[in-house]
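> Sequence and computational prediction follow.
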Amino acid sequence: MPWSRGPKSPADFDRLLARVADHALREQIAQLVLRCQAQAVYSARNIGHFGLHLRRYVHFTSPIRRYADLVVHRALVKVLGLGTGGLPPLTMDELEALGRHLSMTERRAMECERGALERMIALYLADHFGARFGGRIVGVQSFGLFVALDETGAEGLVPLAQLEDDAYEHDPRHHLLVGKRSGVVFGLGDRVVVTLLEADPVTGSLVFALEEHSRAPGASLLLAPRAIGRGKGPLRPRQRRR
């Protein structure tokens, strides 16, 4: 489908996601759509909601789950005269400062949650050194491939140094590693089998060695023209020095 570089509306993203609903790369494309959008922030200035296509929007949860929700509840108590506990008089600058603080603390809490989960998974996998796992590539960087395991969803890194059979060039625009000599392509959604080399419960990091690899069905959606048609086929064992 045509996809220009110009401004996008929520309807544009809806059409894109609908087109790939049954595609093997649907999860990767959905993640890319999320990453290309600005992070949500709490603010006293109502600029609407892009994803919901609303000119005015307020985040309101009941029962209350966040302090940001409590601020909205207390403001309503004050404005509607519903009794005690209403929000005291605040200037717009004070409300903006409160929004920035709430945005920061919520991101910090999410990072703590993610870090704790990564450490627990690494602790569990620490006893599985040398085990083989099926997974898929969920990130491509110049220094290696990020792989999510099928059974646990745990993510770890296949360092570029583990890909010893070729020198690989990073294509950040198309999220690819392309072998300079062989033309072998690694990209988002590719199926892999990996061996666990390291699991560090302190940092929550996992390191894998790549054993088998197969390009994702329909992977040409994310391929640079020079790489189309390369690296296809069933899961292939990879030769690596031990």
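Received, thanks.

> so what's L163 closest to, chain neighbours aside?
L210 (6.7 Å; C-beta to C-beta, 6 or more residues apart in numbering). Using the backbone N, CA and C atoms, a C-beta is placed for each residue, glycine as well.

> My reading is that the one you found is in a strand; is that accurate?
Yes: assessed with DSSP: H, G, I helix; E, B strand; the rest coil, L210 lies in a strand.

> Looking at the chain, which helix is longest?
The residue-count maximum for a helix in the chain (DSSP state H) belongs to helix 92-125.

> Could you check how far the residue nearest to G83 when sequence neighbours are not counted is from A97?
Counting by C-beta to C-beta, 6+ apart, G83 lies nearest to V77, which is 6.4 Å off, once chain neighbours are set aside. For V77, the distance to A97 (C-beta to C-beta, to the nearest Å) stands at 21 Å.

> what does D12 give?
35 Å.

> Identify the residues contacting the residue nearest to G83.
When the contact criterion is C-beta atoms under 8 Å, 6 or more residues apart in numbering, the partners of V77 are 83-87.

> hang on, it in a helix?
Yes: the assignment for V77 is a helix, going by three-state DSSP.

> Output the contacting helices and strands for whatever helix or strand V178 lives in.
V178 is located in strand 176-179, with elements delineated by DSSP states H and E. Where contact means 3 or more C-beta pairs under 8 Å, 6 or more residues apart in numbering; DSSP states H and E, strand 176-179 is packed against strand 168-171, strand 185-187.

> Make CSV out of the ones you listed and add distance to S62.
Output for those, formatted as CSV (distance: least, C-beta to C-beta, whole Å):
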stretch, distance to S62
strand 168-171, 47
strand 185-187, 43
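
> Tell me which of these is the most buried.
Most buried of the helices and strands packed on strand 176-179, by mean neighbour count (mean count of other C-beta atoms under 10 Å): strand 185-187, with a mean of 25.

> What segments of this structure are helices?
10-19, 26-35, 67-80, 92-125.

> Identify whichever of those lies nearest to V140.
helix 26-35 (10.1 Å; C-beta to C-beta).

> between the closest one and helix 10-19, how many degrees?
170 degrees (axes from the mean of the first three to the mean of the last three C-alpha atoms, to 10 degrees).

> Just the C-alphas of helix 26-35, formatted as CSV.
Extracted in CSV, the C-alpha atoms of helix 26-35 (Å, rounded to 0.1, in the frame of the first residue of the first chain):
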residue,chain,number,x,y,z
ARG,A,26,1.8,-7.7,12.1
GLU,A,27,3.3,-7.5,15.6
GLN,A,28,6.6,-5.9,14.4
ILE,A,29,4.6,-3.4,12.3
ALA,A,30,2.3,-2.6,15.2
GLN,A,31,5.4,-2.0,17.4
LEU,A,32,6.9,0.3,14.8
VAL,A,33,3.7,2.3,14.6
LEU,A,34,3.8,2.8,18.4
ARG,A,35,7.5,3.8,18.5
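
> Can you give me the buried ones in it?
28-29, 33 (16 or more other C-beta atoms under 10 Å).

> Which of the helices and strands in the protein ranks last by mean pLDDT?
Across the helices and strands of the chain, mean confidence by mean pLDDT, DSSP states H and E is lowest for strand 236-237: a mean of 51.

> any idea how far G85 is from the closest residue in space to I64 that isn't next to it in sequence?
Spatially, and ignoring its direct neighbours in sequence, I64 is nearest to L70 (5.4 Å; C-beta to C-beta, 6+ apart). Distance of L70 to G85, given as C-beta to C-beta: 10 Å.

> more neighbours, the two?
Just comparing L70 and G85: by other C-beta atoms under 10 Å the higher neighbour count belongs to L70, 14 against 10.
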